Each structure stands twice: as structure tokens, then as C-alpha cells.
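> attaching a predicted model along with its sequence, questions to come.
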Amino acid sequence: MRASVRRTIRRSAVLATATTAFAALAAAPAHAATPASICGSGYVHIDVETLRNSTTALARVHLLHNAATGHNCVVTLHAGATAGFRLPTGAWLTPQGSTTRKDQDLYGSYAGPVRAYAAGRCVSWGGMIEAGVGTYAYTSPWEHCG
């Protein structure tokens, strides 16, 4: 009799553990996009700027470079406080001596990728997000030359 009670208890414990694990998996967000996965193969992260109100990170603007193609890429990713909310979000990139490329719309996770050929030139890059009662933006000076 004791053996069957132990088996029942063990089975209950295994089922409870499995149920908890499946519930955690279902509640977990899908694999989050990274700047490199958004820009594509061969892009390497070279700079980042955080857009924040006084205390909270709202978004991060990322600059990446692909040495094989000479292209740069900019992505503005929502931070935890704004993730999932469709907000005006933008990303832009200007190679020196060229026109600005921009992506700006209502997005729930990121704006971009914005790519441009910039081999041998400096770039100005940036992004923005509107959250609450403000617009938070960053535009770099001419930098990352080469």
C-alpha cells in the first residue's frame, strides 16, 4: 500500500513540475530581436545611446557596421518601459555628403533598420521615441569616420 502512495505522490510532483514549466514557457516573451538580428548578417555593434526621461529608459538607439559591405545600420529598440506599446518611433542615418535615410512610424518594438553605404565617410545617426508627454531624441555629431 505504501508503494502505491509513493508512486502517486511522485507522479503528482512530476505533473506539477511539468505544468509549472509549461506555464513559464507560455508566459515568456518570444525571443527578443537584437540590433544585429534586425540589421542582418555581418553587422557589428559599434555605438548605443539611451533615450530616457529623468529616471526611465524608454528606448536605445544602436549603430552597427558591416565591414564587408561598408554599410552602417541604425535601429531604435523600445526599452522595457515602452516595449509592446505602439508609439511614434524613429531611426535615421546620414553618411557625410549624402542624404538622410529615415524610418519613423508607430511601432511596438523597434524602428529601422535604416542602412546606408558609408565607407570612408563620417556618419551622423540617431533615433527618437514619443512617450507620455514628451519626445525623446538623439542625433550624433559627425563621427565613426572611416
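Perfect, thanks for sending it.

> tell me the buried residues in the host helix or strand of residue 38?
Taking DSSP states H and E as the definition, residue 38 sits inside helix 35-39. For helix 35-39, the neighbour count (16 or more other CB atoms under 10 Å) marks 35-36, 38-39 as buried. The way it works is simple: take the backbone N, C-alpha and C, and place the C-beta from them, glycine included.

> helices or strands up against that helix?
Applying 3 or more CB pairs under 8 Å, 6 or more residues apart in numbering; DSSP states H and E, one finds that helix 35-39 contacts strand 44-52, strand 57-66, strand 71-78, strand 110-117.

> repeat that with 6 Å
Packing partners of helix 35-39 (3 or more CB pairs under 6 Å, 6 or more residues apart in numbering; DSSP states H and E): strand 57-66, strand 71-78.

> compute the distance between the residue nearest to residue 77 when sequence neighbours are not counted and residue 33, please.
Distances taken as CB to CB, 6 or more residues apart in numbering put residue 110 closest to residue 77, at 4.6 Å, once the chain neighbours are dropped. Distance, residue 110 to residue 33, using CB to CB, to the nearest Å: 7 Å.

> so between the two, which is more surrounded?
Shown here are residue 110 and residue 33; by other CB atoms under 10 Å, residue 110 has more neighbours (22 against 12).

> who does the closest residue in space to residue 88 that isn't next to it in sequence form a beta bridge with?
Distance criterion CB to CB, 6+ apart; nearest residue to residue 88, sequence neighbours excluded, is residue 130 at 4.1 Å. In this entry, residue 130 is beta-bridged to residue 135, by DSSP bridges.

> count the residues that sit near residue 130.
By other CB under 10 Å, 16 other residues sit near residue 130.

> likewise for residue 111?
Neighbour count for residue 111, taken as other CB under 10 Å: 28.

> over to residue 126?
21.

> residue 51 too?
Residue 51 sits with 24 neighbouring residues when counted by other CB under 10 Å.

> in this structure the residue nearest to residue 77 contacts residue 74, no?
No. Contact criterion CB atoms under 6 Å: residue 110 and residue 74 do not qualify, at 10.5 Å.
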